[in-house]
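S.K.: can't give you the sequence, but here's the structure:
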């Protein structure tokens, strides 16, 4: 299962969430809840306006882990909306075939 959370950077046309501010948010709100994830920069459109953003991607296996991550991401999304005055954070969940290669 892969979860993706899409975080916009525009703060109501007033300011932008900087990479430094987002990294601090990750350390404060995400690192203690999710042990492995990937972040990429993105460009998308919200309400007809082009906007830069960040995509947080989490791969999990198993129903229990998937259920827990879904709840954690919902909580993280709510915290982000509050911290950076966002209208919404999009979270997607998709069943995938994945193999973890360990050495």
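M.R.: Done, it's in. All figures in this text were calculated on a predicted structure; none of them were measured in a lab.
S.K.: can you count the residues close to residue 14?
M.R.: Using other Cβ atoms under 10 Å as the criterion, residue 14 is surrounded by 7 other residues. Yep, even glycine has a C-beta here, placed from its N, CA and C like the rest.
S.K.: Ok, residue 58 next?
M.R.: Using other Cβ under 10 Å, residue 58 is surrounded by 22 other residues.
S.K.: Packing partners of the host helix or strand of it?
M.R.: Taking DSSP states H and E as the definition, one finds residue 58 inside strand 49-59. When contacts are defined as 3 or more Cβ pairs under 8 Å, 6 or more residues apart in numbering; DSSP states H and E, strand 49-59 sits against strand 2-8, strand 10-11, strand 38-46, helix 63-83.
S.K.: Quick check: mean pLDDT of the first one?
M.R.: The reference is to strand 2-8. For strand 2-8, the mean pLDDT works out to 97.
S.K.: Residue ranges in the protein under the pLDDT threshold?
M.R.: The model of the chain has no residue with pLDDT under 70.
S.K.: What strand or helix carries residue 99?
M.R.: For residue 99, there is no host helix or strand (DSSP H and E).
S.K.: what about it, how many neighbours?
M.R.: 6.
S.K.: rewinding a little: ranking the helices and strands packed on strand 49-59 by burial, who's on top?
M.R.: Of these, the one with the most neighbours on average (mean count of other Cβ atoms under 10 Å) is strand 2-8, at a mean of 20.
S.K.: Report the inter-axis angle for that one versus strand 49-59.
M.R.: Interaxial angle of strand 2-8 relative to strand 49-59 (axes from the mean of the first three to the mean of the last three Cα atoms, to 10 degrees): 150 degrees.
S.K.: So which other helices or strands are in contact with strand 2-8?
M.R.: strand 38-46, strand 49-59, helix 63-83, strand 90-94.
S.K.: try it again with 6 Å
M.R.: strand 49-59, helix 63-83, strand 90-94 (3 or more Cβ pairs under 6 Å, 6 or more residues apart in numbering; DSSP states H and E).
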